[in-house]
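Visitor: Here's a sequence, model it:
(chains A and B)
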Amino acid sequence: MTTISDSLRSGLWTDNPGLVQLLGLCPLLAVTGTFVNGLGLGLATLLVLVLSNALVSATRHFIRPEIRIPMYVLIISSMVTCIQLIVLAWFPALGRSLGIFIALIVTNCAIVARAEIFASRNSILASVRDGLTMGAGFALLLCALGAFRELIGHGSILAHLDMLFGGEPSRGLALFDGGFLLAILPPGAFISLALFIAGKNELDRRRQQKNSQLQRRSG
Amino acid sequence: MSNEKSSPQIWSSAVILAVLAAICTALVAITYRTAAPRIAANEQAYLEQSLAPVLAGLSYDGKLSESTLIIPAPHDLPGDAAVTVYRVFADAQPVAALFVVSARDGFTGPIKLLVGVAASGALTGVRVLEHKETPGLGDLIDSSRSDWILQFSGRSLGSPEVSRWAIRRDGGDFDQLTGASITPRAVVKAIKETLLYFETHRDEVFARNTATADAGAEQE
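Guide: Numbering: from 1, shown residues only, chains lettered A, B, ... in the order given. Next comes the predicted model:
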């Protein structure tokens, strides 16, 4: 039985769906032009992941191996449809901005992967927790990529937050004018993600080095 | 032997799948029933809200969506598809017509424009509804990115003259955008074509009142 902190570390860092497993790259790269888009799709994905994990786990005793994939597809696609309707009804501006990418959460392999790897073998509570931590890992990465690309590409940060929280339309904090165009174009998405992955690997490597040095010293 | 064993398994699998499908469908149906009125209201509000910037504060009767006119292709307006016109009336007198046209010759595909023309023939305002222009260059036509599109308010076919309805590089009166001339050229051309159409079809646009309202109802 894993503890919450293990589960958090796995979802946010060691097994991060985007950074390590490289799952769900299509939405991850397509919508992260701005922070608010990243946050919106991140939250929607998180919600779908929690709900689908809970449902898959709840039905795991009825699931036969040979029909498990159609069942996952059914559960995930109906959850996504519900979330899409909810976003369109209560967050219309965000729905317009994310467009087809809410519906495309269906094709996010991170979700079916968690259903297969985790939820189909664990209790409902553990599955919900797994959905929360994995979803949080994915959402945080979307936010970080969105903020990074928005800052470099538009020179602003937190623009259009009104789409999610209502209120007056805002252009966000404009830090500088112009911006480096490449960052918000599709290649910029790949380059930014690559930088993030490289940064993560470098951090991991340094920590490992430190640990082995400590071990050598104590040994 | 394996056949005897697997047959009931297949049946129970099918039943499980069917039950799950029914549950999932019910969930979606309930969500839809709850959300549908709000979604419809949102779309209505979004339409009125997106038309507001080109109305220049004009007051009008009723709902804009109720005085919609659809001009089928072929027509002399920009774009190949049928054009939607929202007609604005105050005390049954025509005030303005709002055209949703698309400039075909954008840099990366058509640019969907909302062009508001007052009954007098002057522009009440222009806004870009949809475009795929290059971020940072052509997308400055969008009012959320720059104020470029605002320069058209109040202009008409007499101001400037028809021959000067072009960007400066082409000898016209309108500012281009740094690093992008194809996009603004396409927008200016589309606005000019809309104004020319309005000039010749003005009465027709406002007159086709009840007839097109019926046609619109039939289409729905």
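Visitor: The spatially most central residue of chain A and A:Leu151, how far apart?
Guide: Geometric centre of chain A, nearest residue: A:Phe138, 2.1 Å, by CA atoms, centre = their mean. Distance from A:Phe138 to A:Leu151, counting by CB to CB, to the nearest Å: 21 Å. Just so you know, the C-beta spots here come from the backbone N, C-alpha and C atoms, and that holds for glycine as well.
Visitor: repeat for B:Ser146
Guide: In this view, B:Ser146 and A:Leu151 are 19 Å apart by CB to CB.
Visitor: go on, B:Asp61?
Guide: Look at B:Asp61 and A:Leu151: by CB to CB, they are 47 Å apart.
Visitor: the more surrounded of the two?
Guide: Legend: neighbour count by other CB atoms under 10 Å in any protein chain shown for B:Asp61 and A:Leu151, higher for A:Leu151 (21 against 14).
Visitor: Tell me if I'm right that the more buried one and A:Leu158 touch.
Guide: No. If you go by CB atoms under 8 Å, A:Leu151 and A:Leu158 don't touch, sitting 9.7 Å apart.
Visitor: So which residues on chain A come close to chain B?
Guide: With CB under 8 Å from any CB of the partner chain as the criterion, chain A meets chain B at residues A:33, A:59, A:62-64, A:66-67, A:70-71, A:74-75, A:77-78, A:81-82, A:85-86, A:88-90, A:92, A:96, A:153, A:169, A:171, A:178-179, A:181, A:184-185.
Visitor: which of those residues are buried?
Guide: A:33, A:59, A:63, A:67, A:71, A:74-75, A:77-78, A:81-82, A:85-86, A:88-89, A:92, A:153, A:179, A:181, A:184 (16 or more other CB atoms under 10 Å in any protein chain shown).
Visitor: Longest helix in chain B, please.
Guide: helix B:2-51 (DSSP state H).
Visitor: list the contacts for residue 115?
Guide: All of this refers to chain A. Shown in contact with A:Ala115 (CB atoms under 8 Å, 6 or more residues apart in numbering or on different chains): A:52-53, A:56, A:72, A:75-76.
Visitor: try chain B instead
Guide: B:54, B:98-99, B:101, B:123, B:126, B:190-191, B:194.
Visitor: go again using 7 Å as the cut-off
Guide: By CB atoms under 7 Å, 6 or more residues apart in numbering or on different chains, the contact list for B:Val115 reads B:99, B:101, B:126, B:191, B:194.
Visitor: Which of the three states applies to the residue lying closest to the first one once chain neighbours are set aside?
Guide: It stands for B:Phe99. Using CB to CB, 6 or more residues apart in numbering or on different chains and skipping residues adjacent in sequence, the residue nearest B:Phe99 is B:Val115, 4.6 Å away. Per DSSP: H, G, I helix; E, B strand; the rest coil, the local secondary structure of B:Val115 is strand.
Visitor: same question, B:Phe89
Guide: strand.
Visitor: Identify the residue nearest the geometric centre of chain B.
Guide: Residue closest to chain B centre, computed by CA atoms, centre = their mean, is B:Val100 at 4.6 Å.
Visitor: what separates it from B:Asp170, distance-wise?
Guide: Distance, B:Val100 to B:Asp170, using CB to CB: 25 Å.
Visitor: Then A:His160?
Guide: A:His160 is 34 Å from B:Asp170, where distance means CB to CB.
Visitor: same deal with A:Ser123?
Guide: For A:Ser123 relative to B:Asp170 (CB to CB), the value is 70 Å.
Visitor: got any ranges where the chain has weak pLDDT?
Guide: Reading this off chain A. Across chain A, the ranges flagged by pLDDT under 70 are A:1-2, A:163, A:165-172, A:177-178, A:219.
Visitor: Switch to chain B, please.
Guide: Applying pLDDT under 70 to chain B flags residues B:1-6, B:62, B:65, B:208-220.
Visitor: Quick check: phi and psi on B:Ser59?
Guide: Main-chain dihedrals, B:Ser59, degrees, to the nearest 10: phi -90, psi 150.
Visitor: What about it, how many residues nearby?
Guide: For B:Ser59, the count of nearby residues is 9 (other CB under 10 Å).
Visitor: How about the contacts made by it?
Guide: B:Ala90.
Visitor: Could you check how far it is from chain A?
Guide: Separation of B:Ser59 from chain A (CB to the nearest CB, to the nearest Å): 23 Å.
Visitor: what's the neighbour count on residue 47?
Guide: All of this refers to chain A. Residues near A:Leu47, counting by other CB under 10 Å, number 21.
Visitor: meant chain B, my bad for not saying
Guide: Neighbour tally, B:Leu47, other CB under 10 Å: 15.
Visitor: Any figure for the gap between it and chain A?
Guide: 12 Å.
Visitor: quick one: which of A:His160 and B:Asp170 has more around it?
Guide: The neighbour comparison of A:His160 against B:Asp170 (other CB under 10 Å) goes to A:His160, with 21 against 15.
Visitor: Give me the secondary structure label for the more buried one.
Guide: Secondary structure assignment for A:His160 (three-state DSSP): coil.
Visitor: The residue nearest to it when sequence neighbours are not counted is in what secondary structure piece?
Guide: Nearest non-adjacent residue to A:His160, counting by CB to CB, 6+ apart: A:Val36, 5.0 Å away. Following DSSP states H and E, one finds A:Val36 within helix A:35-58.
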